[in-house]
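Trainee: Would you be able to build a 3D model of this:
(one chain, ligands or ions: 2)
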Amino acid sequence: MPLPKAELHLHIEGTLEPELAFELAARNGVKLPYADTDALREAYRFENLQSFLNLYYELMAVLRTERDFEDLANAYLARAAAQGVRHAEIFFDPQAHIARGVAVGTVVEGLARALDRSEENHGVSTHLILCFLRDESAESALATLDAAKPYLDRIIGVGLDSAEVGHPPVKFREVYESAAALGLRRVAHAGEEGPPEYITEALDILGVERIDHGLRCMESPELVARLARDRVPLTLCPLSNVRLRTVDTLADHPLPAMLDAGLLCTVNSDDPAYFGGYADDNFKAVRETLALTEEQLRELARNSFEASFLEDDEERRAR
Ligand code: HPA
Ligand code: ZN
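Mentor: Ligands and ions are numbered 1, 2, ... in the order given. Just a heads-up that it's a prediction; the model follows:
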């Protein structure tokens, strides 16, 4: 039985499996530039974050209607449940859909149809986190938050993703201030490909409560000490790091050193359809390759609930 866990770093668009991509393409009359699912899987060889993002955004063309987003979320929730996920805080990228003429309401209402029945159907509680694309402008992020205002009762917080280098957190100061004033929780990707300074900026300027990835904190002993002291959660994604060549091999992953340094680490799947595994596949990979002890694995699972946005009583029920 997989350990009960919370998944805190999961892009719903990154759960689009090739089979569902072709099914939705047929349903919506979208032509994909791949002959079949095998040819598509062949394209899953990434050099870095950008080469992945190119394919990730291309395949989103098949997501058009509320029903598409509902089917996408249901497929993820079924897989997550089978991997021991009891609670999922799910990212979505509205700007990538708005750019294709799909309204934020279509995305949120479609996802909500699946999330509303998730506890009953899959035993998984859920939250939604709206992510801004950091390679788009600050004005675009502000307009996106504005467009999402009618749906804020469905959204627990905001995040920041997409191409990191050259797009420091400070660019999004104003939209994070607005999000905080609206009562939204705040997280951000930082220190995946970008430098440790981006992690510090995300904390100090954006006021984030969790850092997504955060791997490159290990280059700054002062930052590691601060993150450990303040128990800032890091949502690590080991299989993603291997596929996007953030680490050379899984055996080189700094997770054991991060745990030894007292960091509040969690293990997550990021974009599981693209990176070769869902939540428990990531747990299994680090257990086998990094020789983590059973106690360390239980610590990672406990951390995932502690780092979640669940209230204490909800957390107890989910564990
Ligand atoms: N990093 C940045 N942006 C993303 C990722 C990621 O791992 N996945 C989807 N968008
Ligand atoms: Zn991510």
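Trainee: Mind giving me the packing neighbours of the lowest-mean-pLDDT helix or strand in the chain?
Mentor: Across the helices and strands of the chain, mean confidence by mean pLDDT, DSSP states H and E is lowest for helix 312-318: a mean of 81. Helices and strands touching helix 312-318, by 3 or more Cβ pairs under 8 Å, 6 or more residues apart in numbering; DSSP states H and E, are strand 85-92, helix 294-306. For glycine as for every other residue, the C-beta is placed from the backbone atoms N, C-alpha and C.
Trainee: which of the residues in that helix are buried?
Mentor: Going by neighbour count (16 or more other Cβ atoms under 10 Å), the buried part of helix 312-318 is 315, 318.
Trainee: How about stretch 50-57?
Mentor: 52-53, 55-57.
Trainee: about what we covered before: export the helices and strands packed on helix 312-318 as JSON lines, with columns for distance to Asp230 and mean pLDDT.
Mentor: Output for those, formatted as JSON lines (distance: least, Cβ to Cβ, whole Å; pLDDT from 0 to 100):
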{"stretch": "strand 85-92", "distance to Asp230": "20", "mean pLDDT": "98"}
{"stretch": "helix 294-306", "distance to Asp230": "13", "mean pLDDT": "98"}
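Trainee: Ok, which of those comes nearest ligand 1?
Mentor: strand 85-92 (7.4 Å; Cβ to the nearest ligand atom).
Trainee: counting contacts, what elements does the closest one pack onto?
Mentor: If you count contacts as 3+ Cβ pairs under 8 Å, 6+ apart, strand 85-92 packs onto strand 5-11, helix 66-82, helix 104-116, strand 125-133, helix 312-318.
Trainee: closest to ligand 1 out of those?
Mentor: strand 5-11 (4.2 Å).
Trainee: got a list of what the nearest residue in space to Arg86 that is not next to it in sequence touches?
Mentor: Distance criterion Cβ to Cβ, 6 or more residues apart in numbering; nearest residue to Arg86, sequence neighbours excluded, is Ala318 at 4.4 Å. Contacts were defined as Cβ atoms under 8 Å, 6 or more residues apart in numbering; by that measure Ala318 touches 4, 6, 86-87, 125, 305, 308, 310.
Trainee: let's see it at 7 Å
Mentor: 6, 86-87, 125, 305, 310 (Cβ atoms under 7 Å, 6 or more residues apart in numbering).
Trainee: Cool, thanks, signing off.
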